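Peer 1: need a structure here:
(4 chains)
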Protein chains: 2
Amino acid sequence: MKRNVTIKDIAKKLGIAPSTVSRALKGHPEINSNTIKRVKAKAKEMNYHPNLIARNFQRQKTNVIGVIVPEIRHQFFSGAISGIEEVAYQHGFSILVSQSNQNYEREQKNIDVMVSNQVAGLLISISETTMNKAPFERLVDRNVPFVFFDRAIENMDVGKVVADDFGGAYEAVEHLIKARYKKIFYIGGPRHLLITKERLRGYNAAMKDYNLPVSSDWIMFGGLDEEDGVKWFRKLMTRGILPEAIFAINDPVAIGLHMKIKQAGLRIPQDIALIGFSNNMITALVDPPLTTIEQSPSIIGAKAAKMLINQIENNQSHFDHTEVIETRLIIRQSS
Amino acid sequence: MKRNVTIKDIAKKLGIAPSTVSRALKGHPEINSNTIKRVKAKAKEMNYHPNLIARNFQRQKTNVIGVIVPEIRHQFFSGAISGIEEVAYQHGFSILVSQSNQNYEREQKNIDVMVSNQVAGLLISISETTMNKAPFERLVDRNVPFVFFDRAIENMDVGKVVADDFGGAYEAVEHLIKARYKKIFYIGGPRHLLITKERLRGYNAAMKDYNLPVSSDWIMFGGLDEEDGVKWFRKLMTRGILPEAIFAINDPVAIGLHMKIKQAGLRIPQDIALIGFSNNMITALVDPPLTTIEQSPSIIGAKAAKMLINQIENNQSHFDHTEVIETRLIIRQSS
DNA sequence: AATTAGATTGCAAACGTTTACGAAACTAAT
DNA sequence: ATTAGTTTCGTAAACGTTTGCAATCTAATT
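Peer 2: Purely as a prediction, here's the structure:
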């Protein structure tokens, strides 16, 4: 097994000390410019590559940022990861990526592995099932910088980058109201999720501002996937209370509803109007195209990465700052 | 700045040697089971976390796999990354992800950073602009295990996991032929890309096997994006030679064509039939839905990860083996 | 009581790099 | 020719962990 060439090897060949080589390689000012040249030439000749893990070990710090998401393949997250990678690259960081598959234990284990790997910081989007604040407080104690993006633990005074769920929801519902819908339902996600609560808050605020009554029957909580939309429509049908319009927690749920509504022979938006959340690609392509709310994943990712890198570079392991990324209502034919 | 607790700290507190602590922590058989208990208890009490970078440094090896893709956000690659992460996780590896944005220099720089980070191996899907074999041969020289997935350098005897481009293309064209189309065009990607060539080979083979003539006018090379499909249709119109059917290099190109064909007032599949490649989600949703070829991204990723891990664990830095993942023709209304 | 085998633990070096400190070599001024 | 100052380089320790080998201890055998 060939050994990699090290700084010592170069030093030996040149008859100088390893420390000189080390300094020369990074153009240290108090090394003779001639030796610098010789060293660099020799390094190239010998095909030297620095052993970053040795360097990081001695610095006790890496140039790696850990990224924790529920599921890599989901459009929002892959977009966010892309934005993160872009910013990280520009600042000389690499990214370590893992997915929790919405499993709390796995999420925590992944975080642990990353911290043990001495990542410079973490970007975390928590899983659906994560409610426990304690492990994140432990991260704060251990001085591991991190910022939440998209999905955050509530009531923690740390960095966060989130979409403007409240504003987006408000705008969507307002749009429905102005289109003369009155009986507007809110189909939310899991009760404890911040996005569920925030979007509900937006819904309620809009309804209230326009003096529209809201029945508690109109508000429901469930899952985040297409099948959940399907289930909800079935339940609505058996319950026999049909809305004039539905504001759904996200696009998959809206798409599930969309399919079922059409299958039931109802027209969108004449019988039931529909709005989703996220501007997944699919929403532009269904018939009729779905009105939805754009929240740019790569921008959220990029901003979160910037915030984290800022913390890292200023040695502030944490500071309480929430950045809210504006959403944009995209009006299509479903409303 | 709080220092992390180390093995030495535990040793000191317990009045034993660091080496004993190290061994105890991993349940070494020749350590008294009683000391093991004491050590483990103390470690938990002191909130000890192993410093993986120190361990990896001393082993001169990490449990990290580097993943290089052209663009993270593209559905195929995010799916592949997800499959990779899954397998990696099961084998105790983490993944370092970077994107080249189809830029050769950036790709190479990323590879370099990862190698310097002493990754255990690399999973590489090369960028569109990568044609140079040399840097990969250098990786072989340096004993860095890697396997290509999806997009590989040609004529290199290393591990590869690719979709069955030939078979998929053959099946697609055969399907068109059986549906009585004769004047079938092939709209390819960049000329040098392996997928372009392989799919063309499938096209030619099918045409030949069914004794259909092929004009060189019917075969064209270009880009991989939607806009390229758009451009091609314009060119076809100005050239005035219209196909009965088109087999496009991938879904985006097919979708571009799809849009333009409809805008031109032509009917799909009556006037022009159309087949794409990849089974992007969008293909199921356009009207009419697009016939396409499924190549499961997560399976390709997972297989590539398994192959790489196998190489890593057997200390075979390279072996020449190509795994071809079967494709599946998904027949929809566009053909 | 002396020897030995086996079980358990400690010593010390090593992995490649960085860096504080000091030594040497050179320059220029006296 | 001496000194002071400057430039350039070398020495050695450190980062946290693992591991080959030596050392100690226990208990069993002679």
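Peer 1: Could you pull up the residues touching A:Lys178?
Peer 2: Residues near A:Lys178 by C-beta atoms under 8 Å, 6 or more residues apart in numbering or on different chains: none. The C-beta positions use only the backbone N, C-alpha and C, and glycine is treated the same way.
Peer 1: ok, now A:Lys183?
Peer 2: Contacts of A:Lys183 by C-beta under 8 Å, 6+ apart are A:218, A:243-245.
Peer 1: which among the residues you listed end up buried?
Peer 2: Among the contacts of A:Lys183, those buried by neighbour count (16 or more other C-beta atoms under 10 Å in any protein chain shown) are A:218, A:243-245.
Peer 1: ok, back up a step: with the contacts of A:Lys183 in mind, which one is nearest to B:Ser19?
Peer 2: A:Trp218 (66.6 Å; C-beta to C-beta).
Peer 1: so which residue of the stretch 151-300 of chain A comes closest to chain B?
Peer 2: A:Leu285 (3.9 Å; C-beta to the nearest C-beta).
Peer 1: need the contacts of A:Lys183 in TSV with distance to chain B, pLDDT and secondary structure, can you?
Peer 2: Below are those laid out as TSV (distance: C-beta to the nearest C-beta, whole Å; pLDDT from 0 to 100; DSSP: H, G, I helix; E, B strand; the rest coil):
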residue	distance to chain B	pLDDT	secondary structure
A:Trp218	29	96	helix
A:Pro243	24	95	coil
A:Glu244	26	96	coil
A:Ala245	23	97	strand
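Peer 1: The closest residue to A:Asn279 other than its chain neighbours bridge partners, please.
Peer 2: Spatial nearest neighbour of A:Asn279, chain neighbours left out: A:Glu294 (4.0 Å); criterion: C-beta to C-beta, 6 or more residues apart in numbering or on different chains. Beta bridges link A:Glu294 to A:Ser278, A:Arg328, judged by DSSP bridges.
Peer 1: mind listing what A:Glu294 touches?
Peer 2: By C-beta under 8 Å, 6+ apart, the neighbours of A:Glu294 are A:278-279, A:327-330.
Peer 1: Show me what the one helix or strand A:Ser298 maps to is packed up against.
Peer 2: Per DSSP states H and E, A:Ser298 falls inside helix A:297-313. When contacts are defined as 3 or more C-beta pairs under 8 Å, 6 or more residues apart in numbering or on different chains; DSSP states H and E, helix A:297-313 packs onto strand A:64-69, helix A:75-90, strand A:121-124, strand A:146-149, strand A:159-163, strand A:321-325.
Peer 1: if we go to 6 Å?
Peer 2: Using 3 or more C-beta pairs under 6 Å, 6 or more residues apart in numbering or on different chains; DSSP states H and E as the contact test, the elements touching helix A:297-313 are helix A:75-90, strand A:121-124, strand A:146-149, strand A:159-163, strand A:321-325.
Peer 1: Which single residue in chain A comes nearest to chain B?
Peer 2: Distances between chain A and chain B by C-beta to the nearest C-beta are smallest at A:Ser78, namely 3.5 Å.
Peer 1: now the residue lying closest to that residue once chain neighbours are set aside: how far from B:Val97?
Peer 2: Spatial nearest neighbour of A:Ser78, chain neighbours left out: B:Ser78 (3.5 Å); criterion: C-beta to C-beta, 6+ apart. Here the criterion is C-beta to C-beta, to the nearest Å. By it, B:Ser78 lies 10 Å from B:Val97.
Peer 1: ok, those two, which is more surrounded?
Peer 2: Using other C-beta atoms under 10 Å in any protein chain shown, the more surrounded residue of B:Ser78 and B:Val97 is B:Val97, with 29 against 26.
Peer 1: give me the beta-bridge partners of the more buried one?
Peer 2: In beta-bridge terms (that is, DSSP bridges), B:Val97 pairs with A:Ile95, B:Val67.
Peer 1: Using neighbour counts, pick out the buried residues of the helix or strand where A:Phe57 lies.
Peer 2: Using DSSP H and E, A:Phe57 maps to helix A:52-59. Of all the residues in helix A:52-59, those buried under the rule 16+ other C-beta under 10 Å are A:52-57.
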